[in-house]
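> with the input below, show me the fold.
(2 chains)
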Amino acid sequence: MGNIIETRDLWKVYRMDGMAVEALRGVNLVVEAGEFVALVGPSGSGKSTLLHLIGAMDTPTRGEVHLNGRTLAQTNDAGRTRLRCHEVGFVFQTFNLLPTLSALENVEIALRLAGVSRRERRARAIELLERVGLGERIGHLPRQLSGGERQRVAIARALANRPALLLADEPTGNLDSATGQVIVGLLRQFNTEGQTIVLVTHDPEIAAQAGRVLRIRDGRIQP
Amino acid sequence: MFDVAFKNLGARKTRSILCILAVVVSVYLNGSTATMNNWMYETMTSELARYMGKIYVQQGGSSYPPFDSTIAQATAEEILARTDLGLNREESTPLVFVRTERAMMPFMPAQAAVIGVPVGKENVLLGHTEAAAGVNRFPDAASDVTILGEQAAGYYQATVGQDVIINGQKLRVIGVLKPSAMGNLDRSAVVPLPASQHIFGKEGMVSAVLLTAGDVNRVEAIAAALRQDYPVLEVNTQDDLLTEARKVLQFPLFYMRMMSLTGFIVAMAVIMSTMVMAVMERTREIGTLRAIGASRRLILGTILAEILLLSLMGGIPGALLSMPMAALMRTRLPTPVQLTQIVLFAVVAGALGGLYPAWRAARVDPMEALRYE
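Next comes the predicted model:
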């Protein structure tokens, strides 16, 4: 299988109050297709920064990121937007559903952004919501759903465009442990079907369920 | 993305309604001032169209109608008797103008007036204006009678056969006119010239002399000769009256335009502040959309769609509300094109006011989706 992610000597330096803060210091990472990788590390270790860089949300100070064969350094804002739309699915700690849209519309919006026809996006959104166990609640607004249900909608939205890579930033951070386990179980299920997943977490129990665990400390991946 | 834009507006109902109300008021203000402007122009031009080929002689005030003008009747008759000028004497007459009730506002026509015209010369003043009831000509040797303009009949609440009292003098109504193209005639009570002089103590005096050139091409030549022979008199042709009327209307029209501009700025400012607030509140939502693949152009389009909806929801009722004002001013109701222009006013105000919030929204970074605070 090919590599979905490959980073070479990846650096990210932030300027804060005139001081240079090195969030990432020469990260080399390879994630193969079909892998389920957990990035763990203490707060400020750089794990979320790494996730943002490989998800085309942010640009590195130095180094290279290859995402599904594309070099991000050579991609402009519009190109990165297209990558986020078609190649990457995001699951956020705070769910980030659009509050005025129903569960179904929240999933459909990702398909709309990708230019999928109305009929197809409706069918695909319903299918995904049924897969995450929300077939009966597709018309509910986010505020009418529990935290776990919202995160399941977010997972359905992230997977709507069949992305090469699913990135999850602390997806269980705002959930109780039982609900968190349900969400990780769902991610594992999609992984067994071939979905490549990179997950950032503090929780060792969650990380233990990934296929590979990478520890980050002080902006470097620990050997 | 109009459906998303609509839902966003619906999610913040109170704010959206307040914004729409402000736009309604602004557009109404604009529509009404446009109606007033139209009305003033219409009144002026239709009134003065009657003076094509005519010369208006007055003294002591060049405004029209010549309420402030006084000419000795002897001078008026001397002018009318001149054979060297080439006048159409049948169509020339002295007139008395008296304002009996002032205008509601300084630049508006008098609410009620009296026009004195010699018996047998009514046609010079009334032209083709027909009587809606009674007659439109004085009987021979008439004195204490009046023919009321269409609005004057309403003002005096009188019909044919009834008496009206003007400046303490009882006059029998012998006719009520149909609406004319002349606002001042519509608001006037037309009385025989001697009666008007008597009622207002103007014996031996008239307000103006209306002259008709025998040859329409000689209007300027006659006016020039009169100016030379009677330097104290104001000799106005239709063009002079138009210039004068425009001068008088300059201030009210400027004032109206300022009101209209204020409405425009208010609509723009309200839409801008509403949308800036909306964009600030929704920064994370916009960041999320960017994070899941929405382009800057799409974000811009969504915000502009919201602005367009706000503008239309305020603009259409505002434009329709300005119609009763047009009816009140007895001017033509706005045409569909004019109504569209009034609505477009709101759309342009919205577009200008929305540029900054839309630009700001389009600049939101996808990383904003990850700010959890």
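> check which helix or strand residue 97 maps to.
Picked chain A for this. Under DSSP states H and E, no helix or strand contains A:L97.
> hmm, I had chain B in mind actually
With DSSP H and E as criterion, B:F97 is part of strand B:93-101.
> for the helix or strand just after that strand, give the mean pLDDT please.
Per DSSP H and E, the first helix or strand lying C-terminal to strand B:93-101 is strand B:112-117. The average pLDDT within strand B:112-117 is 92.
> quick one, helices of the stretch 1-150 of chain B?
B:2-11, B:13-49, B:73-81, B:122-126, B:150-156 (DSSP state H, counting those that start in this stretch).
> among those helices, which comes closest to chain A?
For the helices of the stretch 1-150 of chain B, the distance to chain A is smallest for helix B:2-11, at 4.0 Å, taking Cβ to the nearest Cβ. For glycine as for every other residue, the C-beta is placed from the backbone atoms N, C-alpha and C.
> one step back: for the strand holding B:F97, which outside residues touch it?
Contact with strand B:93-101 is made by B:65-67, B:69, B:71, B:73, B:76-77, B:80, B:110-118, B:121, B:124-125, B:155, B:166-167, B:189, B:193, B:196-197, B:199-200, B:202, B:205-210, as judged by Cβ atoms under 8 Å, 6 or more residues apart in numbering or on different chains.
> that older thread, could the helices of the stretch 1-150 of chain B be laid out in a markdown table, adding mean pLDDT and distance to chain A?
Formatted as a markdown table, the helices of the stretch 1-150 of chain B follow (pLDDT from 0 to 100; distance: least, Cβ to the nearest Cβ, whole Å):
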| stretch | mean pLDDT | distance to chain A |
| --- | --- | --- |
| helix B:2-11 | 82 | 4 |
| helix B:13-49 | 82 | 12 |
| helix B:73-81 | 92 | 77 |
| helix B:122-126 | 85 | 66 |
| helix B:150-156 | 90 | 54 |
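> JSON lines for those helices, including distance to A:A114 and mean neighbour count?
Formatted as JSON lines, the helices of the stretch 1-150 of chain B follow (distance: least, Cβ to Cβ, whole Å; neighbours: other Cβ atoms under 10 Å in any protein chain shown):
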{"stretch": "helix B:2-11", "distance to A:A114": "16", "mean neighbour count": "16"}
{"stretch": "helix B:13-49", "distance to A:A114": "30", "mean neighbour count": "20"}
{"stretch": "helix B:73-81", "distance to A:A114": "87", "mean neighbour count": "16"}
{"stretch": "helix B:122-126", "distance to A:A114": "76", "mean neighbour count": "20"}
{"stretch": "helix B:150-156", "distance to A:A114": "67", "mean neighbour count": "19"}
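> of all those, which one is nearest A:V153?
Nearest to A:V153 among the helices of the stretch 1-150 of chain B is helix B:2-11 (16.4 Å), distances taken as Cβ to Cβ.
> show me what that closest one is packed against.
Counting by 3 or more Cβ pairs under 8 Å, 6 or more residues apart in numbering or on different chains; DSSP states H and E, the packing neighbours recorded for helix B:2-11 are helix B:296-328.
> got the buried residues for the next helix or strand after the helix it packs on?
Toward the C-terminal end, the helix or strand that comes next after helix B:296-328 (DSSP H and E) is helix B:336-362. For helix B:336-362, the neighbour count (16 or more other Cβ atoms under 10 Å in any protein chain shown) marks B:338-339, B:342-343, B:345-347, B:349-355, B:357-358, B:360-362 as buried.
> do the same with stretch A:165-181
Neighbour counts over stretch A:165-181 (16+ other Cβ under 10 Å) mark A:165-175, A:179-181 as buried.
> tell me the two of the residues you listed that are most distant?
A:L165 and A:T179 (24.2 Å).
> how far does stretch B:100-120 sit from its chain's centre?
17 Å (Cα atoms, centre = their mean, to the nearest Å).
> let me fix that, I meant to ask about stretch B:260-269.
21 Å.
> who's in contact with it?
For stretch B:260-269, contacts defined as Cβ under 8 Å, 6+ apart pick out B:22-23, B:25-27, B:29-30, B:33-34, B:311, B:314, B:345-346, B:349-350, B:352-353.
> report the buried residues of it.
Buried residues in stretch B:260-269, defined by neighbour count with 16+ other Cβ under 10 Å: B:S260, B:G263, B:F264, B:V266, B:A267, B:M268.
> count of residues packed around B:Q59?
When neighbours are defined as other Cβ atoms under 10 Å in any protein chain shown, B:Q59 has 22 of them.
> roughly how far does it sit from B:V209?
10 Å (Cβ to Cβ, to the nearest Å).
> can you narrow the buried residues of helix B:336-362 to ones near chain A?
Residues of the buried residues of helix B:336-362 in contact with chain A (Cβ under 8 Å from any Cβ of the partner chain): none.
> can you select the buried ones among the contacts of strand B:93-101 for me in ChimeraX?
Of the contacts of strand B:93-101, the buried ones go into a single ChimeraX selection, burial set by 16+ other Cβ under 10 Å:
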select /B:65,66,67,69,71,73,76,80,110,112,113,114,115,116,117,118,121,124,125,155,166,189,193,196,197,199,200,202,205,206,207,208,209,210
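> export the helices of the stretch 1-150 of chain B as CSV, with columns for distance to A:G211.
Converted to CSV, the helices of the stretch 1-150 of chain B look like this (distance: least, Cβ to Cβ, whole Å):
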stretch, distance to A:G211
helix B:2-11, 38
helix B:13-49, 48
helix B:73-81, 112
helix B:122-126, 101
helix B:150-156, 91
